[in-house]
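>>> generate a structure from the sequence data that follows.
(chains A and B)
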Amino acid sequence: MANNVVDEKKNEESFVSLRHIDKIYDNNVQAVFDFNLEIKKHEFIVFVGPSGCGKSTTLRMIAGLEDITKGELYIDNELCNDKTPKDRDIAMVFQSYALYPHMSVYDNMAFGLKIRRMPKYEIDKRVHEAARILQITEYLDRKPKALSGGQRQRVALGRAVVRNAKVFLMDEPLSNLDAKLRVQMRSEIIKLHEALGATTIYVTHDQTEAMTMASRIVVMKLGRIQQIGTPIEIYNNPSNLFVAGFIGSPAMNFLLVDFDEKTGVAKCKDGKEIKIPKEVYKGKKIPSKVILGIRPENIIPVEEGGYEIEVNVAELLGNEYYIHSDFGGVDLVAKFPANKVISIHDKLRIDFKVDKVHFFDVDTEMAI
Amino acid sequence: MKSLKASRIISNTIIYLILGIMSIIWVLPIVWIVLQSFGGGGISVRSQLIPETFTFDNYLYLFSNFTGVTNPRASNHSLDGYFFGWFCNTLIVAVLSCLISTLFVLGTAYALSRFRFKARTIFMKVNLVIGMFPGFLGMIIMYWVMRDIFHLQGNYFSLVIIYSAGAGGGYYIAKGFFDTISKNIDEAAMIDGASKSQIFWQIILPLAKPIIVYTVLTSFMGPWGDYVTSSYIIGLQNTSNWTVAIGLYQFTTGQDIATSYYTQFAAGAVVVALPITILFFALQKYYVSGVTGGAVKG
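This next block holds a predicted model:
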């Protein structure tokens, strides 16, 4: 789990820069360990990880809502460790929306500008412009109570948009919405980012949001960065077992195998053998005991050859099935097209796209 | 089904019977006092629920410096013409201490709810323990402090100081209410650029209406009805500086006048109850949501 992080070098272009940031709470619990990240202007960075991984804490440190125990935070080349939130020129969207309940939508959006003593006509212009972009012009006179969840989230976004801040921070902004609205708002946030080009840091536990929205993803676990990269890099080359299992849905299958480097045969616990072509592991030092990772979409149905499996569970999603079966001592999940009916206890033949397998070290859990 | 309905009728009857009896017990003293306040005639009115004759003179007597009405039963007229002054004194004391203590209570409660500082929890524990001692344990020391340090003994402004100074210690209910307001709202305002005091005045206080009303009511009622503190701080010799509580107490216990001023006392009690009753009716709606504010998000 060593720091595959260090490739983040200080760089002239970087707009937000986090260097060796640690967070230790008053009760001596350390939430973030040696966090290093260089963010360029206009980037859309997504912090993703399971709950308790320190992603929200990191975001709150950038916002100035939590103290930074150790390390340095630069925003636009200014050291911000000791600056109050209002002097950092950031805008933030909260999971709970955190709208001011006693103010109208207009006043909610205008509050930050009024506090900064912006001239009235300018406030008016900005609020109406933001309301137009977010399609909430007709609700400007309403109180937040009279809005639906999706509309409230738009107001929360609007409050950030009017500020025209250097950095946008979003703390799980879509978690309180129902599934359909979440997908819709997701694409609207992407569009908004396209239109405004604001440097954005977005926190989520949902890997789909991370994959679809990010220009770069930061995967975290237990306060440590696991991997930083574009969505496709992370999907294709996960740096360790955790990232491989976290990104992608359904999760990658992991088989503990005995590997014979000479023949390329990987022998599973239950004796099944998978032959891996030499070119797949050429130049890699594969130990004899290794974890083989294969994504459900890289398991294909075949008419003959391959391996016979018995279906334990068949989940139909409309256009595809998730097929669960016992294979190699684990619950193997495969993603099949739903062109014929598959039911429980059916016998199927499957094969692996062996050029798409990943190897992970058993002890360090790092990718090989 | 029938038995179910029957048993419901029986249980409802019992419940309403009990409630009815209890409400009579509650209301009776109030009705008594109101009836007595209109009583005319002799000294014996004390023992009758319904007075022999009805008169408005008891009320007019309270304001005898304007109306000139005196008490025909009394031989001692030493308290005539003072009531209006007492009423004003009490009003000034109650309004001033109410304003100051409300500020103290809300400020303390907000600080303890939102800020994390050294000795915060110790402070709350110590405050809780100190709060368990009855207030009049400090009677003697407060008397000396007011007399020898502030030279305010006998002056009702010393009451304002005493009532407001310790008010912050009663922050519990207000803190409970502030705790239910999401901290994210404070944080959103911080990021919007608001200072701590702007957050308090512009964001949190408008959301805390029920608890403001509750605090105003309680910190008005305390000074308004208090007898113990006002009696020893102001002293019996300064008749014109009394509060209504001292004055009414003198109506019923004072030398030579105790028996002859009973109906005047009743009228005074009704007049004193009026402002609080009006306040309660006006703010009732908020009061309930303020008291339960800690449990259910307002």
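>>> tell me what the one helix or strand residue B:103 maps to is packed against?
Secondary structure from DSSP states H and E places residue B:103 in helix B:83-114. Using 3 or more Cβ pairs under 8 Å, 6 or more residues apart in numbering or on different chains; DSSP states H and E, the elements in contact with helix B:83-114 are helix B:64-67, helix B:120-131, helix B:157-165, helix B:172-180, helix B:209-225, helix B:244-253, helix B:262-291. In this view, the C-beta of every residue, glycine as well, is placed from N, C-alpha and C.
>>> of these, which is nearest chain A?
helix B:209-225 (8.8 Å; Cβ to the nearest Cβ).
>>> just confirm yes or no for that closest one near chain A.
No. Judged by Cβ under 8 Å from any Cβ of the partner chain, helix B:209-225 makes no contact with chain A; its nearest approach is 8.8 Å.
>>> gap between that helix and the chain center?
Relative to the mean C-alpha coordinate of its chain, helix B:209-225 is positioned 7 Å out (Cα atoms, centre = their mean, to the nearest Å).
>>> tell me which residues of that helix come out buried.
B:210-225 (16 or more other Cβ atoms under 10 Å in any protein chain shown).
>>> follow-up on the earlier one: least confident of the helices and strands packed on helix B:83-114, on average?
For these, mean pLDDT drops lowest on helix B:64-67, to a mean of 78.
>>> ok, residues contacting it?
Helix B:64-67 is touched from outside by B:60, B:61, B:70, B:80, B:81, B:83, B:84, with contacts defined as Cβ atoms under 8 Å, 6 or more residues apart in numbering or on different chains.
>>> looks like the first one contacts residue B:71 (just checking).
So that's residue B:60. No. Counting by Cβ atoms under 8 Å, residue B:60 stays clear of residue B:71, with 10.5 Å between them.
>>> between the two, which has more neighbouring residues?
residue B:71 (19 against 16; other Cβ atoms under 10 Å in any protein chain shown).
>>> correct me if wrong: that one contacts residue B:256.
No. Using Cβ under 8 Å, residue B:71 makes no contact with residue B:256, being 12.0 Å away.
>>> tell me the first helix or strand C-terminal of the helix or strand bottoming out on mean pLDDT in chain A.
Of all helical and strand segments in chain A, the minimum by mean pLDDT, DSSP states H and E falls on helix A:278-281, at a mean of 85. Later in the chain than helix A:278-281, the nearest helix or strand by DSSP H and E is strand A:289-294.
>>> tell me what the helix or strand just after that following strand is packed against?
Remark: after strand A:289-294, the chain's next helix or strand is strand A:299-301, criterion DSSP H and E. Contact here means 3+ Cβ pairs under 8 Å, 6+ apart; on that basis strand A:299-301 packs against strand A:330-337, strand A:347-352.
>>> let me know how buried the residue nearest to residue A:85 when sequence neighbours are not counted is, in neighbour terms.
In this structure, residue A:85 finds its nearest non-sequential neighbour in residue A:64, 3.8 Å apart by Cβ to Cβ, 6 or more residues apart in numbering or on different chains. Neighbourhood size, residue A:64 [other Cβ under 10 Å]: 24.
>>> cool, and residue A:356?
As a burial measure, residue A:356 scores 14 neighbours (other Cβ under 10 Å).
>>> for the helices and strands packed on strand A:299-301, which one ends up most surrounded?
Highest mean neighbour count among the helices and strands packed on strand A:299-301 (mean count of other Cβ atoms under 10 Å in any protein chain shown): strand A:330-337, with a mean of 18.
>>> for the nearest residue to residue A:290 once chain neighbours are set aside, what are phi and psi?
Sequence neighbours aside, residue A:259 is the residue nearest to residue A:290 in space, at 4.9 Å (criterion: Cβ to Cβ, 6+ apart). The phi/psi pair for residue A:259 (degrees, to the nearest 10) reads phi -110, psi 130.
>>> run through the residues that contact residue A:259.
Per Cβ under 8 Å, 6+ apart, neighbours of residue A:259: A:265, A:266, A:267, A:276, A:286, A:287, A:288, A:289, A:290, A:292, A:359.
>>> interface residues of the stretch 101-250 of chain A facing chain B?
When proximity is defined by Cβ under 8 Å from any Cβ, the stretch 101-250 of chain A lies next to chain B at A:101, A:102, A:111, A:112, A:115, A:116, A:159, A:163.
>>> surely residue B:234 meets residue B:245?
No. Counting by Cβ under 8 Å, residue B:234 stays clear of residue B:245, with 10.1 Å between them.
>>> and the strands in the stretch 101-250 of chain A?
Using DSSP state E, counting those that start in this stretch, the strands of the stretch 101-250 of chain A run over residues A:167-171, A:199-204, A:216-221, A:224-229.
>>> helices or strands next to the first one in the packing?
Which is strand A:167-171. Strand A:167-171 packs on helix A:55-63, strand A:90-93, strand A:199-204, going by 3+ Cβ pairs under 8 Å, 6+ apart.
>>> quick one: contacts for the residue sitting nearest the centre point of chain B?
Closest residue to the average C-alpha location of chain B: residue B:221 at 1.3 Å, with Cα atoms, centre = their mean. Each residue near residue B:221 by Cβ under 8 Å, 6+ apart is listed here: residue B:276.
>>> so for residue B:234 and residue B:245, which residue has more residues nearby?
Of the pair residue B:234 and residue B:245, residue B:234 is the one with more neighbours under other Cβ under 10 Å, namely 25 against 20.
>>> residues contacting the more buried one?
By Cβ under 8 Å, 6+ apart, the residues touching residue B:234 are B:153, B:154, B:155, B:156, B:158, B:159, B:241, B:242, B:243, B:246.
>>> longest helix in chain B, please.
helix B:2-37 (DSSP state H).
>>> what about that one, average pLDDT?
Mean per-residue pLDDT for helix B:2-37: 91.
>>> tell me the buried residues in that helix?
B:33, B:35, B:36, B:37.
>>> list just the nearest of these to residue A:310.
Taking Cβ to Cβ as the measure, residue B:33 is the one of the buried residues of helix B:2-37 closest to residue A:310, at 88.5 Å.
>>> roughly how far does that closest one sit from chain A?
Going from residue B:33 to chain A by Cβ to the nearest Cβ, to the nearest Å gives 42 Å.
>>> want to throw the strands of the stretch 101-250 of chain A into a markdown table with mean neighbour count and mean pLDDT?
As requested, the strands of the stretch 101-250 of chain A are exported to a markdown table (neighbours: other Cβ atoms under 10 Å in any protein chain shown; pLDDT from 0 to 100):
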| stretch | mean neighbour count | mean pLDDT |
| --- | --- | --- |
| strand A:167-171 | 24 | 92 |
| strand A:199-204 | 25 | 93 |
| strand A:216-221 | 24 | 94 |
| strand A:224-229 | 23 | 93 |
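>>> need those in JSON lines (columns: distance to residue A:136).
Formatted as JSON lines, the strands of the stretch 101-250 of chain A follow (distance: least, Cβ to Cβ, whole Å):
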{"stretch": "strand A:167-171", "distance to residue A:136": "18"}
{"stretch": "strand A:199-204", "distance to residue A:136": "20"}
{"stretch": "strand A:216-221", "distance to residue A:136": "30"}
{"stretch": "strand A:224-229", "distance to residue A:136": "35"}
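>>> so which of those strands is nearest residue B:8?
Shortest distance between residue B:8 and those, using Cβ to Cβ, is found for strand A:167-171: 52.0 Å.
>>> angle of that closest one against strand A:199-204?
10 degrees (axes from the mean of the first three to the mean of the last three Cα atoms, to 10 degrees).
>>> Provide the contact partners of strand A:167-171 at residue level.
With contact meaning Cβ under 8 Å, 6+ apart, strand A:167-171 is reached by A:15-16, A:56, A:59-60, A:62-63, A:75, A:88-95, A:160, A:189, A:198-203.
>>> tell me the pLDDT of residue A:94.
Looking at residue A:94, its pLDDT reads 90.
>>> give me every residue that touches it.
The contact partners of residue A:94, taken as Cβ under 8 Å, 6+ apart, are A:156, A:171, A:173, B:184, B:187, B:188.
>>> ok, back up a step: can I get the helices and strands packed on helix B:83-114 in CSV including distance to residue A:31?
Formatted as CSV, those follow (distance: least, Cβ to Cβ, whole Å):
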stretch, distance to residue A:31
helix B:64-67, 71
helix B:120-131, 22
helix B:157-165, 42
helix B:172-180, 23
helix B:209-225, 33
helix B:244-253, 57
helix B:262-291, 37
